[in-house]
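> The sequence and its predicted three-dimensional model are supplied below.
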Amino acid sequence: MPTKKKTAAKKTSPNKVVKKTVAKKATKKVAVKKVAKKVLAKKVVKKTTAKKGVKSSRSKKSVAKKAAKKTTAPTQTKKPLVTASNDQSFWVTNGAVLNSLIALRDALDEMEKEVYSYHVSKEHNDFASWVDAVLCDAECAAELKRAQTPVKARTVVTRHLKVYSV
């Protein structure tokens, strides 16, 4: 019988060992997680403080730049919008009559590609020529020459209308 106790003791002792190793592994995992959380928390704190420092220094610089721009920028007066007379107005093939950049913008908004391609090709650009000769806006005319579609041409005209007092 004493041998049975020893074998029983041996059976329980490996179970205890297994339990102990499982418990040790579990505590190690918990300890590792706690350490990892602390490390992550420190990194987050460092990142947020670093970001705050960068934001504050950038905002000071941007405020200084804006203040400098406001004081050094000359005030620009807007040009008066040129309106063509009836004999110098642009007659579009769809029947529309244009006498200013505003009318050109509105016409380009509704213009079909076929009508636009009639007036604009690789060889000529009627809109650009008219804007240059009649409305005396060489910059707008130069950009209109590069516009391949009515949408792009309308964008060019809209951008240049900001210079005029409308």
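That came through fine. Numbers count the residues shown, from 1 in each chain.

> How about the secondary structure of residue 145?
With DSSP: H, G, I helix; E, B strand; the rest coil as the basis, residue 145 sits in helix.

> per-residue confidence at it?
pLDDT for residue 145: 95.

> what's the answer for residue 116, then?
pLDDT for residue 116: 94.

> Now do the same contact list for it.
Residues in contact with residue 116, defined by CB atoms under 8 Å, 6 or more residues apart in numbering, are 108, 149-150, 153. Quick note: C-beta positions are derived from backbone N, CA and C, even for glycine.

> Which secondary structure element is home to it?
helix 113-119 (DSSP states H and E).

> And that helix, what's buried?
115-116, 119 (16 or more other CB atoms under 10 Å).

> Starting from it, tell me the next helix or strand along the chain.
helix 126-133.

> Tell me the buried residues in that next one?
So helix 126-133, judged by 16+ other CB under 10 Å, has buried residues 126-128, 130-132.

> domains of the protein?
Domain assignment for the chain, taken from automatic domain parsing, gives 1-75, 79-165.

> The ones you listed: lowest mean pLDDT?
For the domains of the chain, mean pLDDT drops lowest on domain 1-75, to a mean of 53.

> Would you format the contacts of residue 116 as CSV with secondary structure and neighbour count included?
Shown next, in CSV, are those (DSSP: H, G, I helix; E, B strand; the rest coil; neighbours: other CB atoms under 10 Å):
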residue, secondary structure, neighbour count
108, helix, 25
149, coil, 14
150, helix, 21
153, helix, 26
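
> Widest-spaced pair of those?
Longest distance between any two of those is 9.4 Å, between 108 and 149; criterion CB to CB.

> what's the closest of the contacts of residue 116 to residue 102?
Once CB to CB is applied, the member of those that ends up nearest residue 102 is residue 108, at 10.9 Å.
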